[in-house]
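K.L.:
Here is my input; please provide its structure:
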Amino acid sequence: MKTAERSEAQPASPSREPILAEAVVAGRMLLLAELQAALAAQQVGSVLARNHRLVLRYSAIPCEPSGLTNPQLLIFGPDGTGTASTDGISYRLPDGAEYPAADPAAAATAIRHGQHVAQRA
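P.N.:
Take a look at the predicted model:
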């Protein structure tokens, strides 16, 4: 009887983000930390959040995988809290705005002046 091998990145369920390899998450956390520092230099508060999906279903076989998912930067603005994520190439905001990850200072300026932080209350 053959057993299936698990890969580093598991396919996502329709409503869930994919499980990512630790190295991928670490790289994205580093990029978000750079954006966080650039926002702090402009007196914009933020918190870096590492996400982990835990599946506790014993009745479903095969069980969906548990593991690290895409980290987020929670950005606190005068009108609410917004989020930023990255794919390693660009920073993404909930409203669809994207900024190059190679220039976190420019992304922070655009986020601050664009009032993108009011996406979540």
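K.L.:
In three-state terms, label residue 73 for me.
P.N.:
Three-state call for residue 73 (DSSP: H, G, I helix; E, B strand; the rest coil): strand.
K.L.:
Where does pLDDT dip in this protein?
P.N.:
Per-residue confidence for the chain (pLDDT under 70) gives these ranges: 1-15, 115-121.
K.L.:
for it, what spans make up the strands?
P.N.:
45-53, 67-77, 80-86, 90-92, 98-100 (DSSP state E).
K.L.:
Adding distance to residue 29 as columns, could you present the ones you listed in JSON lines?
P.N.:
Where C-beta positions appear, they are placed from N, C-alpha and C, glycine not excepted. Below are the strands of the chain laid out as JSON lines (distance: least, C-beta to C-beta, whole Å):
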{"stretch": "strand 45-53", "distance to residue 29": "6"}
{"stretch": "strand 67-77", "distance to residue 29": "5"}
{"stretch": "strand 80-86", "distance to residue 29": "9"}
{"stretch": "strand 90-92", "distance to residue 29": "13"}
{"stretch": "strand 98-100", "distance to residue 29": "17"}
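K.L.:
Just put those in JSON lines and tack on distance to residue 17 and mean neighbour count.
P.N.:
Below are the strands of the chain laid out as JSON lines (distance: least, C-beta to C-beta, whole Å; neighbours: other C-beta atoms under 10 Å):
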{"stretch": "strand 45-53", "distance to residue 17": "7", "mean neighbour count": "15"}
{"stretch": "strand 67-77", "distance to residue 17": "4", "mean neighbour count": "20"}
{"stretch": "strand 80-86", "distance to residue 17": "9", "mean neighbour count": "20"}
{"stretch": "strand 90-92", "distance to residue 17": "12", "mean neighbour count": "19"}
{"stretch": "strand 98-100", "distance to residue 17": "17", "mean neighbour count": "16"}
